[in-house]
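Participant: From the sequence below, what's the structure:
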Amino acid sequence: MQYLQNATSYLAAALISFALYLVLMRFWMQWVRADFRNELGQFIITLTNPIIIPLRRVIPSIGTIDTATLLLAYLISLLKLLTLIWLSSATAPLSAYFPALLIVAFGILLQACVYLFMGAIFISIIASWVAPHSYHPILSVVRSISEPILAPARKLIPPIGGLDLSPMVVLLFLNVSLHLLVAPLLSFF
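Facilitator: Next up is the predicted model:
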């Protein structure tokens, strides 16, 4: 019976994580003003519009921050946490731990953002090896998302002999942030 519970937990976490990454992709694509007129952008818009458009009527944006999308991402991370707790057959009442659950859900959201940036950087690196000057809609989106965090590192560390070390520095920084920022939030519960 434990195998069925593990498989169910894995499947639920995977599906909810997919929804979380879709919403985060939409948020970051809006933030960096990436082009939504490609297949990936249209896919994300099509799947997220039914929820985000009604939320925007209730929750206005704050400056350039799409608070409705960000709130939805937070709620999805909270849903993921609550679903995993429920599937693990926890017996303690959740009301006693609710403040801690809110903090852990924020940690899950930050972790997903860091993994999204790491994935974008890895895809950029691999694409630069395979086809350095090619255009693909997905690569355009990936570069749009990764460039704002790679540009400051490129200013600090210019390319050495044609080798760009800034992705390694940013990946190192992101990995350290997982240990220093995200891990304490996730261990709060």
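
Participant: For stretch 45-63, list every residue counted as buried.
Facilitator: 48, 51, 52, 55, 59 (16 or more other Cβ atoms under 10 Å). C-beta coordinates here come from the backbone N, C-alpha and C atoms, glycine included.

Participant: Quickly note the distance from the last one to residue 173.
Facilitator: Okay, so that is residue 59. 31 Å (Cβ to Cβ, to the nearest Å).

Participant: what number of residues lie near residue 104?
Facilitator: Using other Cβ atoms under 10 Å, residue 104 is surrounded by 20 other residues.

Participant: That one - nearest residue in space that isn't next to it in sequence?
Facilitator: Nearest residue to residue 104 in three dimensions, chain neighbours excluded: residue 189, at 4.6 Å (Cβ to Cβ, 6 or more residues apart in numbering).

Participant: report the longest helix in this protein, please.
Facilitator: The residue-count maximum for a helix in the chain (DSSP state H) belongs to helix 98-130.

Participant: Quick one: list the elements packing against the helix or strand following it.
Facilitator: Downstream of helix 98-130, the first helix or strand assigned by DSSP states H and E is helix 137-156. Using 3 or more Cβ pairs under 8 Å, 6 or more residues apart in numbering; DSSP states H and E, the elements in contact with helix 137-156 are helix 2-31, helix 39-58, helix 98-130, helix 166-177.
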